[in-house]
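> what follows is a protein structure lacking sequence information:
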């Protein structure tokens, strides 16, 4: 039995969920998000709560039960609060600077990297070595953070590179004489 799927999603004030033809539309103060609903689950909105139930007791239905409930919960949280991912750059000369809709990264390469943010994503640099990525869609925020981190992921000997703030880099011992 799904431990995630059996809990209903409580809708905060100002959030509406509309279900049409296998698609859920969640509207809130920050905007609107859409998600496809699998035919292996049924989604109902009753008494300011969203309830997800499996169609049958098969393995596929139970898997989609928890996944659908988690996706809908992330959408509700996204349109009310939004999501933020923070990155940190460690290394001499590594810095970031916002440029209009994107970001300019100096990561020790011969040329700077210009990265344009997709629609719905905001990138800010409170300090030259920190990046904050925010938006409604949790998947998009995570994907953008992952792409920026992939430009120069942290190396294990000196720890230089772009890393998540909460990430710890396992350090290796260098060569011995």
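Done, it's in. Keep in mind that this is a model prediction, so the values were computed, not measured. Residues are numbered from 1 along each chain as shown.

> relative to residue 153, how far out is residue 146?
The span separating residue 146 from residue 153 equals 10 Å under the rule C-beta to C-beta, to the nearest Å. Heads up, the C-betas are built off the backbone N, CA and C, glycines and all.

> from residue 36, how far off is residue 22?
To residue 36, residue 22 is 6 Å away according to C-beta to C-beta.

> which ones are touching the residue positioned nearest the centre of the chain?
Per C-alpha atoms, centre = their mean, the C-alpha nearest to the average position across the chain is that of residue 138, at 3.0 Å. Contacts for residue 138 (C-beta atoms under 8 Å, 6 or more residues apart in numbering) come out as 74, 77, 78, 83.

> and the second one, what's its pLDDT?
Read it as residue 77. pLDDT, residue 77: 95.

> sticking with it, tell me its helix or strand.
Secondary structure from DSSP states H and E places residue 77 in helix 59-80.

> need the contacts of residue 138 in CSV (columns: distance to residue 119 and neighbour count).
CSV is the format used below for those (distance: C-beta to C-beta, whole Å; neighbours: other C-beta atoms under 10 Å):
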residue, distance to residue 119, neighbour count
74, 18, 19
77, 20, 18
78, 14, 23
83, 15, 18
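
> my read is that residue 89 contacts residue 164, right?
No - counting by C-beta atoms under 8 Å, residue 89 sits too far from residue 164 to count as a contact (11.3 Å).

> can you map out the helices along this structure?
Secondary structure of the chain (DSSP state H): helices at 59-80, 138-151.

> for the closest residue to residue 85 other than its chain neighbours, give its distance to residue 27.
Nearest non-adjacent residue to residue 85, counting by C-beta to C-beta, 6 or more residues apart in numbering: residue 145, 4.1 Å away. Going from residue 145 to residue 27 by C-beta to C-beta gives 25 Å.

> try residue 36
Distance of residue 36 to residue 27, computed by C-beta to C-beta: 17 Å.

> more neighbours, those two?
More neighbours surround residue 27 than the other of residue 36 and residue 27, with 16 against 11 (other C-beta atoms under 10 Å).

> before we move on, back to that, which one of the helices of the chain lies closest to residue 103?
Ranking these by proximity to residue 103 (C-beta to C-beta) places helix 138-151 first, at 7.5 Å.

> now the nearest residue to residue 56 once chain neighbours are set aside: phi and psi?
Among residues not flanking residue 56 along the chain, residue 40 sits closest, at 7.7 Å (C-beta to C-beta, 6+ apart). Residue 40 adopts backbone torsions of phi -90, psi -10, taken as degrees, to the nearest 10.
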